[in-house]
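Asker: Predicted model and sequence follow; I will ask about them next.
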2 protein chains.
Amino acid sequence: MKAVLPHPARDEMRIEAVLHALADPVRLRIVRALAECAEGISCGLLDLGVTASTLTHHVRTLREAGVVHVTPRGTSRISTLRREDLDALYPGLLDGVLAAPR
Amino acid sequence: MKAVLPHPARDEMRIEAVLHALADPVRLRIVRALAECAEGISCGLLDLGVTASTLTHHVRTLREAGVVHVTPRGTSRISTLRREDLDALYPGLLDGVLAAPR
DNA sequence: CTCGTAGTACGGTTTTCGTCGAAATACTGG
DNA sequence: CCAGTATTTCGACGAAAACCGTACTACGAG
């Protein structure tokens, strides 16, 4: 388990990667959950119907795209939405996605 | 060649499909081109670096997701962005995507 | 009607993705 | 230190996606 995880800087984020990260149902549920929880969440607490290793994969996809920030807290990892970066780069995108009918 | 092509109604569109359609570089270039051309375009005129059959595949992906409307005109097919539907369902999404740095 | 152009359909190959289980790692509490 | 919990890593698998070439269809020009 690496202590600190790599995150793309704002100017390294690519729109294709962000859209791809958001295009998966499981990841979208994570993003929706994070959107309601500014303090962040340990994604393992969400009931997403996938195994822990699959969840790791999804969170990494979101992190590497720049959608979420992940930071270790004790034995777990807290994810937060990178709202400011997303809004700065793609104003309206996140709100539009969150406005989508379930 | 089918005369009329199936398009999803507004309430049949799924955010995951829209995001997936937008997440590909070639398709994103198509969308950007269409965004600057309200009258629509024959996508075959764009120089996208893929073969005609691959282009057909991409345009179909966009159409089936509800991102574009395709209508036959003579021997070619005119694609237009479904801006109103996208803005109604996901307000800000399209503008956010188009605002992304190239 | 015939030819040329635009696009589609089909079939195939290669790559990417989502998923899992098993084994490994990191931290906490006792 | 030890046991337990949270998470990651690795390797595998099947499904989906991107891409191409060839053959085919539709339409317009002449």
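Answerer: Good, I have the coordinates.
Asker: Return the residues of chain A in contact with DNA strand D.
Answerer: Selection of chain A residues close to DNA strand D by CB under 7 Å from any atom of the strand yields A:1-2, A:42-45, A:52-53, A:55-57, A:59-60, A:70, A:75-77. For glycine as for every other residue, the C-beta is placed from the backbone atoms N, C-alpha and C.
Asker: cutoff 10 Å now
Answerer: A:1-2, A:5, A:20, A:23, A:41-46, A:51-60, A:63, A:70, A:72-79 (CB under 10 Å from any atom of the strand).
Asker: ok, which stretches of chain A are strands?
Answerer: A:41-42, A:68-73, A:76-81 (DSSP state E).
Asker: Out of the ones you listed, indicate the one that is most buried.
Answerer: Burial of those is given as mean neighbour count (mean count of other CB atoms under 10 Å in any protein chain shown); strand A:76-81 ranks first at a mean of 18.
Asker: Taking strand A:68-73 as reference, get the angle to that strand.
Answerer: 150 degrees (axes from the mean of the first three to the mean of the last three CA atoms, to 10 degrees).
Asker: Briefly note if strand A:76-81 comes near DNA strand C.
Answerer: Yes: Strand A:76-81 comes into contact with DNA strand C (CB under 10 Å from any atom of the strand), by way of A:76-77.
Asker: which other residues reach that strand?
Answerer: A:30-31, A:34-35, A:38-44, A:59, A:62-63, A:67-72, A:94 (CB atoms under 8 Å, 6 or more residues apart in numbering or on different chains).
Asker: Of all the helix elements in chain A, which one is longest?
Answerer: helix A:52-65 (DSSP state H).
Asker: Show me which residues of chain A are close to chain B?
Answerer: Within chain A, the positions near chain B by CB under 8 Å from any CB of the partner chain are A:15-16, A:19-20, A:22-25, A:28, A:89-97, A:99-101.
Asker: Near DNA strand C, list only the ones from those.
Answerer: Within the residues of chain A next to chain B, those near DNA strand C by CB under 10 Å from any atom of the strand are A:16, A:20, A:22-25.
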